[in-house]
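Engineer: Below are the sequence and a predicted model for it; my questions follow.
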Amino acid sequence: MTYERSSRKPARMGVLLIAALLGGCSTTTVNAPPTTAMIRSGFLSDYSVLSADTRNRGRLRYEAPNRRIAESEGIAFDRIHIWRTRDDSLGNIEALELQRVADDLYFALRAQLENDYAIVEEPNGAALVIHLGLTDVRESDVPLDVFATSIPPVKLLSEDREPTDAVRRLLGAAAIEMEIEDAKTGEVLFAAIDRRISTDFGATGPASWATMREAFEFWANRVAARLTASTKGKR
Amino acid sequence: MIAVAAPRTKWVAQHLHLAAPGDIVAAAMRRRLAATIATVVMLSSTAAWGAMADSVSGNAETDYEFRNRRDCCQVALTAAQDDGLRKCSARGGEPTVSRSVRGVCTSRIGRDGRGNPIYACESDVKVICR
């Protein structure tokens, strides 16, 4: 048994090395419909337009062609959503914890975007609206347990109280879904699903609020860079 | 008379649960205890009833008019929350308005004229009502 394992190891290493090299060389994306393992929670308007990122499994993007977002165009956040299926509900998670998750996700993205865009508080006065959600749902026809909070948030929980196991498990399983649409026409300019955040956390979720925040900030930094490159031609 | 009356008084006291003079303090304490227990039970029942009456269920449903479940659920949840607020006010309660809404959203998917998915939603929200 030991002999067989050791004899296969070099071959496996070779395959992994080649895969890593191929992945590292490629920066293109391919148009591929989401696999069944991918999420179709119904949070986004159209999943068929998403492209898989060949370098990053679990990440899907859509960028409207030839659409530039000017600095003067105000961007507003819609309510932040947290979704779970009714069977595996949010019921065992305190509202204050859900509030913290939603608030931290919002602050992480806002901090990245306000360098390049004018963030406005009132969606009515905005040219663009960001829809942001944390979803632990894989099918679009199951009843949902929904927590939705308006912004701007207020800090409610003290730092010394760490996340409960229930909210950690949610964060370990959830994906982040995001869509930016033209407030007047409803045209979707940018959409993204990212399951990388759950890989960062691991299956048991983040050990602390600080770990969760770091992961959100990492995600927000990456998605903001992609958005700015797409809509402003920067970076 | 006295010799006859004494056993009769004892019999009456035993059978009618009347206390002998030495037991009066103990009986008073028992009555006080019973009253206290009754009060606690009554207050607990009132609190339990109050807790049950603490939330009002609001319901709402939308037509097939949304191209994603997000907007569909958001509209249904907001309408269900408004329904809960109205029901609470109608019963003379004072609803607690939160910046967050939490509830169940069930959606149905149809197709529009161009074959695109279109959603209709039903929602149920609990509103805190005092």
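Structural biologist: That came through, no problem.

Engineer: is the helix or strand encompassing B:Val56 up against chain A anywhere?
Structural biologist: Using DSSP states H and E, the secondary-structure element containing B:Val56 is strand B:55-61. No. Applying Cβ under 8 Å from any Cβ of the partner chain, one finds that strand B:55-61 is not in contact with chain A, the shortest distance being 12.7 Å. For every residue, glycine as well, the C-beta is placed using N, CA and C.

Engineer: try stretch B:119-130
Structural biologist: Yes. Where contact is defined by Cβ under 8 Å from any Cβ, part of stretch B:119-130 touches chain A, namely B:Tyr119, B:Ser123.

Engineer: who's in contact with A:His131?
Structural biologist: A:Phe43, A:Asp78, A:His81, A:Met178, A:Glu179, A:Ile180, A:Glu181, B:Arg70 (Cβ atoms under 8 Å, 6 or more residues apart in numbering or on different chains).

Engineer: sec struct for it, please.
Structural biologist: A:His131 carries the three-state label strand when classified by DSSP: H, G, I helix; E, B strand; the rest coil.

Engineer: where does B:Gly93 land on pLDDT?
Structural biologist: Among the per-residue scores, B:Gly93 shows a pLDDT of 93.

Engineer: My understanding was that it contacts B:Cys129; is that so?
Structural biologist: Yes. Distance between B:Gly93 and B:Cys129: 3.9 Å, which falls inside the contact criterion (Cβ atoms under 8 Å).

Engineer: just to revisit the earlier point, put the alpha carbons of the strand holding B:Val56 into PDB.
Structural biologist: Written as PDB, here are the backbone C-alpha positions of strand B:55-61 (Å, rounded to 0.1, in the frame of the first residue of the first chain):
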ATOM      1  CA  SER B  55     -45.400  39.300  17.100                       C
ATOM      2  CA  VAL B  56     -47.900  39.700  14.300                       C
ATOM      3  CA  SER B  57     -47.700  37.800  11.000                       C
ATOM      4  CA  GLY B  58     -47.800  39.900   7.900                       C
ATOM      5  CA  ASN B  59     -48.400  38.400   4.400                       C
ATOM      6  CA  ALA B  60     -48.200  39.600   0.900                       C
ATOM      7  CA  GLU B  61     -47.800  38.300  -2.600                       C
END
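
Engineer: Relative to that strand, what are the paired strands and their orientations?
Structural biologist: With DSSP bridges as the criterion, the sheet partners recorded for strand B:55-61 are strand B:117-128 (antiparallel).

Engineer: quick one: buried residues of the strand it pairs with?
Structural biologist: Within strand B:117-128, the residues that count as buried by 16 or more other Cβ atoms under 10 Å in any protein chain shown are B:Pro117, B:Ile118, B:Tyr119, B:Ala120, B:Cys121, B:Glu122, B:Ser123, B:Asp124, B:Val125, B:Lys126, B:Val127.
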